[in-house]
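**Q** only geometry, no sequence info:
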Ligand SMILES: [Zn+2]
Ligand SMILES: [Zn+2]
């Protein structure tokens, strides 16, 4: 009894909805253009080039600039609740240490990945779908959030508080 790619994609979508306030920017706050996913929670307006971040992007940026920070500090600086930060890290974002033998597989296509639940291809496909819908009708509101894979060693675990 195998589950189809469509069903897996649907599960992916539902999984994304589970994390409450990722706040994917769908439309540009400056010109109303469609925001295109660039990776690591970053989106760029296809019309004016304005860059915006979802909550994961904000959290990740802060952690990169402030290594060794605490979840409370991240929460204060980004406005993202500690609960959401923990959800992001626990459910989707925990990365495998570079020297670990463990590995993960994408839940949709089975590719090996370093962290999260989905590979960059499946994740990108998800965002392209959102972008298509956004172009098709500017009334269509989608929510969810993003994962960025393929950061290699640079993406090594930076979240050093207890979850
Ligand atoms: Zn714009
Ligand atoms: Zn995949």
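**A** Noted; the coordinates are in hand. As the structure is a computational prediction, the values presented were derived from the model and not from experiment. Ligands and ions are numbered 1, 2, ... in the order given.
**Q** hey, let's count contacts and neighbours off CA atoms from now on
**A** Noted.
**Q** What is the neighbour count of the nearest residue to residue 135 once chain neighbours are set aside?
**A** Residue nearest to residue 135 in three dimensions, not counting chain neighbours: residue 34, with 6.5 Å by Cα to Cα, 6 or more residues apart in numbering. Residue 34 is flanked by 24 other residues according to other Cα atoms under 10 Å.
**Q** How about residue 72?
**A** As a burial measure, residue 72 scores 12 neighbours (other Cα under 10 Å).
**Q** ok, residue 25 to ligand 1 distance?
**A** Relative to ligand 1, residue 25 is positioned 11 Å away (criterion: Cα to the ion, to the nearest Å).
**Q** Contacts only, for that residue.
**A** 35, 43, 52-54 (Cα atoms under 8 Å, 6 or more residues apart in numbering).
**Q** try it again with 6 Å
**A** With contact set as Cα atoms under 6 Å, 6 or more residues apart in numbering, residue 25 has no partners.
**Q** please begin residue numbering at 51 from this point
**A** Happy to do that; since the first residue is 51 now, the last one works out to residue 75.
**Q** Buried residues, stretch 178-189. List them.
**A** Across stretch 178-189, burial judged by 16 or more other Cα atoms under 10 Å covers 180-181, 183-185.
**Q** That'll do, ta.
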